[in-house]
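K.L.:
prediction below, plus the sequence it came from.
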Amino acid sequence: MSDIENGANNEGAPQFNVLAQYIKDLSFENPNAPRSLAQQEQPPQISVQVNVNPRPLAEGDFEVELLLEGTAQTGDLIHFRFELNFAGIFRLRNIPENEIAPIVMIEGPRLLFPFARQIIADCVRNGGFPPLLLDPVDFVGLYRQRVAQVQAEQGAQPN
């Protein structure tokens with residue numbers, strides 16, 4: 001086996017590693033049970049909010065929190081509510097400085113999302129409802145939105 005195959009010469013290569021992933025906070029509420037579990041004439045309206053919060057831990061190490069909040073309701077009847085703060089620790093090595101933020105804000109949550117999606121589906125199912133399978137999230141779009149918001153806020157501040 002050559003040195004390249006066993007990683008001996010990969011010291012300068014870009015690296016993006018997942019060190020850990022974990023639930024920081026999880027809440028599921030079924031406030032109107034058993035009434036909310038009865039057959040409804042129309043399906044509930046489901047709203048989901050997604051947010052990403054990165055935080056540097058050490059040089060090249062970042063914690064990324066994926067925050068998912070949702071509600072299912074019909075009219076005034078709340079069927080269920082959930083909040084999930086699912087996080088991961090990522091290590092970046094040999095990444096150019098200008099590429100760190102997009103990697104942390106896009107690739108970090110993209111790797112966390114399938115696990116968070118499964119946790120939510122299981123909670124909703126265990127709450128007595130059919131599993132809620134969240135649609136994929138456009139983390140590139142969220143990142144661009146966040147950059148535009150920061151730029152707008154900086155432009156609005158007096159000098």
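P.N.:
Arrived safely.

K.L.:
give me the low-pLDDT residue ranges for this structure?
P.N.:
With pLDDT under 70 as the threshold, the chain has low-confidence stretches at 1-10, 156-159.

K.L.:
if we use 80, what do you get?
P.N.:
1-11, 39-40, 155-159 (pLDDT under 80).

K.L.:
hey, where'd the strands end up in it?
P.N.:
15-29, 45-58, 61-74, 77-93 (DSSP state E).

K.L.:
could you export these as CSV, including mean neighbour count and distance to G141?
P.N.:
Yep, even glycine has a C-beta here, placed from its N, CA and C like the rest. What follows is these, written out as CSV (neighbours: other Cβ atoms under 10 Å; distance: least, Cβ to Cβ, whole Å):
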stretch, mean neighbour count, distance to G141
strand 15-29, 13, 21
strand 45-58, 13, 10
strand 61-74, 19, 15
strand 77-93, 19, 20
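
K.L.:
give me the beta-bridge partners of I89?
P.N.:
Judged by DSSP bridges, the bridge partners of I89 are A20, E63.
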